[in-house]
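Colleague: Below: sequence and its predicted model.
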Amino acid sequence: MAGSTDPLADLRHDLCTPINQILGYSELLEEELAEGEAADPEDLRKIQQAARTMLALVRSRLTGVLVPGGGELGAVSPTPAPPRSPEPRASRPGRILAVDDDALNLDLLAQRLSRQGHVVSTAVDGEDALERLRDHPFDLVLLDVMMPRLDGYGTLARLKADEQLRAIPVIMISALDELSSVVRCIEAGAEDYLPKPFNPTLLRARIGACLEKKALHDQELKLYNSLVQSQRLLDRELVMARRRVEELDPVVRHDPQVQPLMAAFERMTAAVYRRETDLRATISDLKIQINRQALTNQVKSIVTDPTFSALSERARAMRARRQGQAGDAS
């Protein structure tokens, strides 16, 4: 994990990571048992590994740490988890790239998404992710925020600056749900932001919404490219037809018996030119529509995010206070 300027943020991240792994693998085992499958011993070992990691962190970094209300950090009474139902299959399976520097996090996320029917690939940091994105087609990227070499912020910026990759939706994931981090990612072009540990239902819904948008974009882009190819074909056919006519002997072209054929050709050429003009206009309109749709999706992802509502409420409260202060001063 890349270090930050906030030691408490680093500590929260480091502690949340093994806790999220314990919860995630436990949920997977619970779902397997609910579906009548045998529990995977390897997943049990991963739970134990995550628990040992958390215990080592507590012993090394939280010895004698006081908690609000007095006393040292101690045990908290567990809250029983509600029974879980088996993981439903995704309505639109997609090709997803999961990016995280923690091997257990990647394994847990890949298992969760694979059970939903998605094809999952993984990358260990931003540089690895960008290389994979350039080599293989993906429908969605799940991108961790805090990573070495190239963190999530830098990866997102480079991805959105690449004309070939910018249309791929990105969901940022992090053990920290700080407002500043959420806003920064949305402003940089992320489609959504999910805190760890994942709520399986919310994760499935957010991924489903992103895959639907990506499918719509791909459909519009396919139509656009098809129209462009048709327009280019018309251009070539018109040039070839005009060249053939110009190559005719002038005597032949002005032969009274050939004149009706030449007139028909001119009418057909004019009609094709009109069709080409209409086609160019359609292509231009569709290109504008694709760009506008991308902008609309981006704006919608911002204004519908709970953090945007929180910021709006804060802004309104600040304006109200300023107005009240101005009234008192007058």
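Modeller: Yep, it's here.
Colleague: hey, let's count contacts and neighbours off CA atoms from now on
Modeller: Noted.
Colleague: how about the strands in the stretch 101-250 of the chain?
Modeller: For the stretch 101-250 of the chain, strands defined by DSSP state E, counting those that start in this stretch occupy the ranges 119-123, 140-144, 170-174, 192-195.
Colleague: need the least confident one among those, by mean pLDDT.
Modeller: For the strands of the stretch 101-250 of the chain, the weakest mean pLDDT is recorded on strand 192-195, namely a mean of 87.
Colleague: partner strands of that strand, parallel or antiparallel?
Modeller: Sheet pairing of strand 192-195 (DSSP bridges) gives strand 170-174 (parallel).
Colleague: Hmm, Leu150 and Asp125 touching each other?
Modeller: Yes: assessed by CA atoms under 8 Å, Asp125 is found in contact with Leu150 at 6.4 Å.
Colleague: Between these two, which is the more surrounded one?
Modeller: Using other CA atoms under 10 Å as the criterion, Asp125 and Leu150 rank with Asp125 on top: 25 against 17.
Colleague: and the more buried one, what are its phi and psi?
Modeller: For Asp125, the backbone dihedrals (degrees, to the nearest 10) come out as phi -170, psi -180.
Colleague: Against Asp255, how distant is it?
Modeller: Asp125 sits 74 Å away from Asp255, going by CA to CA, to the nearest Å.
Colleague: got it, and Gly24?
Modeller: Counting by CA to CA, the gap from Gly24 to Asp255 is 85 Å.
Colleague: First-to-last residue distance for stretch 137-147?
Modeller: Length of stretch 137-147, first residue to last, CA to CA: 23 Å.
Colleague: how about it: buried residues?
Modeller: By neighbour count on 16 or more other CA atoms under 10 Å, the buried set for stretch 137-147 is 138-147.
Colleague: quick one, helices of this structure?
Modeller: Per DSSP state H, the chain carries helices over the ranges 7-34, 41-61, 103-115, 126-135, 152-161, 179-187, 200-247, 250-253, 259-303, 306-329.
Colleague: avg pLDDT for the second one?
Modeller: Averaging the model's pLDDT scores along helix 41-61 yields 72.
Colleague: returning to what we had before: of the buried residues of stretch 137-147, which is the nearest to Glu31?
Modeller: Nearest to Glu31 among those is Leu142, at 22.6 Å by CA to CA.
Colleague: in the sheet, who's paired with that closest one?
Modeller: Bridge pairing for Leu142 - DSSP bridges - gives Ala98, Ile171.
Colleague: quick one: contacts for Glu127?
Modeller: 149-150, 155 (CA atoms under 8 Å, 6 or more residues apart in numbering).
Colleague: Send over stretch 165-176 as CSV, restricted to the C-alpha atoms.
Modeller: C-alpha atoms of stretch 165-176 as CSV (Å, rounded to 0.1, in the frame of the first residue of the first chain):
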residue,chain,number,x,y,z
LEU,A,165,-9.7,3.4,-23.0
ARG,A,166,-11.7,6.3,-21.7
ALA,A,167,-15.1,4.7,-22.6
ILE,A,168,-14.4,1.8,-20.2
PRO,A,169,-16.4,2.5,-16.9
VAL,A,170,-14.4,2.5,-13.7
ILE,A,171,-15.6,1.8,-10.2
MET,A,172,-13.2,2.8,-7.5
ILE,A,173,-12.9,0.6,-4.4
SER,A,174,-11.3,1.4,-1.1
ALA,A,175,-11.3,0.4,2.6
LEU,A,176,-11.6,4.1,3.2
